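>>> generate coordinates for the sequence data below:
(chains A and B, ligands or ions: 2)
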Amino acid sequence: MAEIVLETKELKKVYGTQVKTQVLHGIDLAVRKGEFASIIGYSGSGKSTLLNILGALDKPTSGQVLFRGMDFGKMTENDLAAFRNENLGFIFQFHHLLPEFTALENVLIPTWIRGGRGRGKDVKKAKELLDLVGLSEFLNKKSTNLSGGQQQRVAIARALVNEPALLLGDEPTGNLDSDTTDQIYGLFRTINEELGTTLLIVTHNDHIAAKSDRVVELTDGKVSRDYSNLELGAEDAFRQVAPVYCKFCPHQPAHGGQSHLL
Amino acid sequence: MGFEWKVALRFLKEGRGQTLFILLGIAVGVSVQVFLNTLITGLQDNLIDQTVGTSPHVWVSGRNGFQETPLEASNVIRGNFLEKDTDLGGWEVVEQVLEERKDLTAVSPVAEGSGNLVKGGLAVPVLLRGIDLEKADGIYRISGRMVSGSPSLEGNQVLVGLDLARENEIGTGDVVQVALPDGSSQSFTVSGIFDLGNGTLNGSWIFLDLGRAQRLFGLGDRISKIELQVADVFQAEAVADSVEGRLEGVLAENWIESNASLLSALQSQGSSSLLIQVFVLLAITLGISSVLAVSVVQKSKQLGILKAMGARNASASRIFLYQGALLGIGGALLGIGLGIGLIRMFLWGTAIQTGVPLFPLDPTLESMAVIGAIATVASTLAALLPAKRSSKLNPVEVIRNG
Ligand SMILES: Nc1ncnc2c1ncn2[C@@H]1O[C@H](COP(=O)(O)OP(=O)(O)OP(=O)(O)O)[C@@H](O)[C@H]1O
Ligand SMILES: [Mg+2]
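Ligands and ions are numbered 1, 2, ... in the order given. Predicted structure coming up:
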């Protein structure tokens, strides 16, 4: 068994001070190195909340997050910032590029933050990644002049530029068409296989979930299902996910479809 | 270049309209400061120059006192006076002592008395001033301000003021009659006409040789006073005090005492100009602060992303501090340029009619540097509050809300 990269213990999150809403009710999760896991669940089940905590952007109300045994709770704000910069790649549901910068510059920003002065090396890396996501012709285009799918691909390149050990994605294909979604899924696979990056992707897309190595389902802030697709056939894997959603979605396309309900 | 600079510059560059507006705002403020500062300084220098530029700053006469021979041996040197007046006896010694002082730029003995210029049955009151032309030039620059004739006081030659000459139709080479207080009448040859740039002096002064004046007014070896110019005009009072301390029995008066109202006017002008400048600066600071505060809100998404990618809170503040500093430097430079333009325009505008500017204005590099530096510091400080907000911004909120 591969090394555990990320681990949570009894993770709880309560929002609000006056009116308290408990969103996470004790999450225990262990993500192994090189794993491509997806997180699924109904809207409001706490997926984003969990991911933000795993990405050291938010703090749990109680419980622990450990990255390679390192406890987030014991790190200072600056430590956490440096940690995010060096070890994490984050892809948000909305691409979140900086509109003031070009595609290439957006990809380079994490290297700037790292204090990278070895311009040549970083630029080369950024160009390689943009090439990988098929955008080598759009390097110097302002991010606002790119299509939604192109922007999302820039965001993926940006998340990878510092060669993070862990890539977190919160519905990274949530607002893309099915073809682009498939392309991006392919990209995740490539990254996972070629760079050995661990991926944890929140998704509403049945096909992505079915094609990932592992599916974690959240229901009302608890892990309700957690199974490995590798042990199932592709058909079974899809059937595992599909029934949950198909109750609400009679027009589910046969292939590459995307649920619009969640 | 740190990434904070890159981001700050890019934010400014991409917010073109906003950046231009705020730059213009700072520039206008700074240009007003540069212009006002130069104008007030120029005006004050000009007024002071007009008041004391070519007139004595300190004048030394005898204090109503006793008659004694100068005690050259001792440290205190006593003048030699008549009891009833303020004439200065033993003045050569006094003059010598004054000549040795390094804080004086001109020392000129004067023997003067009043008289009446008699012309065509009319008597025009005049002041006959006996001088040593070379020494008096140190104060009045008579030789350089001749309108006609030549600066010469040989024998019975005199120099006559421009207005006096005009009103009485006197020309160079003319012989004039002057009635003296003792009833006698004296004739002089006009060797030249001078213009001291002051109507009162030009309308009543006649210069003649010092020795001749002493004789005409029966002063013997005494003179009326010694006139001085001081290197630093504002030190006149201190110089007068020290002259009185060094020379017993003399009275040293200075221009500051006799121009108290002018000086207090200058002072209040100076402080009101300072007040205006402070308010201009305050307006600039508030302007930048509010624009940047709005900008923090506008850029909160970008800041959230930068933080999510590992930018520290301090970096997020720096982005705004740098923007403040950049705006300050840019605005200050632009403003200094604009201010110099305003000064040029003022000089040109006031010179249209006369051909010469109302008064000279030259902005000093030092004052512009100070104004520019203050504007830059103020702009950076103005960014403090927005920077603080930027540092406190929570990335999760931005990311959650798309
Ligand atoms: N800042 C907050 N304050 C209070 N409640 C919050 C806050 N953020 C999220 N919640 C609540 O927590 C619950 C879980 O939210 P979360 O965003 O994690 O859901 P999700 O699973 O990502 O949903 P979706 O699929 O719609 O993105 C929701 O009920 C939401 O209303
Ligand atoms: Mg969500």
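>>> quick check, the residue in the stretch 251-400 of chain B closest to ligand 1?
residue B:400 (6.2 Å; Cβ to the nearest ligand atom). In this view, the C-beta of every residue, glycine as well, is placed from N, C-alpha and C.
>>> ok, that residue touching residue A:47?
No - if you go by Cβ atoms under 8 Å, residue B:400 and residue A:47 don't touch, sitting 11.8 Å apart.
>>> looking at these two, which one has more neighbours?
residue A:47 (23 against 17; other Cβ atoms under 10 Å in any protein chain shown).
>>> who's in contact with the closest residue to the more buried one other than its chain neighbours?
In space, residue A:47 comes closest to residue A:202 once its chain neighbours are excluded; the distance is 4.6 Å by Cβ to Cβ, 6 or more residues apart in numbering or on different chains. Listed by Cβ atoms under 8 Å, 6 or more residues apart in numbering or on different chains, the contact partners of residue A:202 are A:38-40, A:47-48, A:51, A:169-171.
>>> pLDDT score assigned to the residue of the stretch 251-400 of chain B closest to ligand 1?
Note on residue B:400: pLDDT of 75.
>>> residues in contact with it?
Shown in contact with residue B:400 (Cβ under 8 Å, 6+ apart): A:48, A:52.
>>> and if we set it to 10 Å?
Contacts for residue B:400 (Cβ atoms under 10 Å, 6 or more residues apart in numbering or on different chains) come out as A:48-49, A:52, A:57-58, A:92-93, A:170, B:304, B:394.
>>> against residue B:300, how distant is it?
To residue B:300, residue B:400 is 12 Å away according to Cβ to Cβ, to the nearest Å.
>>> for chain A, see how far away residue B:385 is.
Between residue B:385 and chain A the computed distance is 21 Å (Cβ to the nearest Cβ, to the nearest Å).
>>> pretty sure that residue contacts residue B:294?
No - counting by Cβ atoms under 10 Å, residue B:385 does not reach residue B:294; the two are 11.9 Å apart.
>>> the residue nearest the centre of chain A: what secondary structure?
With distances taken as Cα atoms, centre = their mean, the residue of chain A nearest its centroid is residue A:169 (1.5 Å). Counting by DSSP: H, G, I helix; E, B strand; the rest coil, the backbone at residue A:169 sits in strand.
>>> quick check: it touching residue A:92?
Yes - using Cβ under 10 Å, residue A:169 is in contact with residue A:92, at 8.1 Å.
>>> what's the overlap in contacts for the two?
By Cβ under 10 Å, 6+ apart, the residues touching both residue A:169 and residue A:92 are A:51, A:152, A:155, A:159.
>>> same question for the strand or helix carrying the third one, mean pLDDT?
With elements taken from DSSP states H and E, the one containing residue A:155 is helix A:148-160. Average pLDDT, helix A:148-160: 89.
>>> same question for stretch A:20-36.
For stretch A:20-36, mean pLDDT rounds to 93.
>>> buried set for it?
A:23-24, A:27, A:29, A:31-36 (16 or more other Cβ atoms under 10 Å in any protein chain shown).
>>> over to stretch B:148-165?
Buried-residue list, stretch B:148-165, by 16+ other Cβ under 10 Å: B:149, B:151-153, B:157-165.
>>> can you give the domain ranges for chain B?
In the domain annotation for chain B, the residue ranges read B:2-52+B:262-401, B:105-223 (automatic domain parsing).
>>> what's the least confident stretch among those domains?
domain B:2-52+B:262-401 (a mean of 88).
>>> run the chain-centre distance for that domain.
Centre-to-centre, domain B:2-52+B:262-401 and its host chain are 27 Å apart (Cα atoms, centre = their mean, to the nearest Å).
>>> residue B:371 contacts residue B:26, correct?
No - contact criterion Cβ under 10 Å: residue B:371 and residue B:26 do not qualify, at 11.2 Å.
>>> which neighbours do the two share?
B:332, B:335.
>>> the strands in chain A, which residues?
Counting by DSSP state E, chain A has strands at residues A:4-15, A:21-32, A:36-41, A:62-67, A:70-71, A:88-91, A:166-170, A:198-202, A:214-219, A:222-228.
>>> note down every partner strand of the first one and its orientation.
If I follow you right, that is strand A:4-15. strand A:21-32 (antiparallel), strand A:62-67 (antiparallel) (DSSP bridges).
>>> could I get those as JSON lines with distance to ligand 1?
Formatted as JSON lines, the strands paired with strand A:4-15 follow (distance: least, Cβ to the nearest ligand atom, whole Å):
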{"stretch": "strand A:21-32", "distance to ligand 1": "4"}
{"stretch": "strand A:62-67", "distance to ligand 1": "15"}
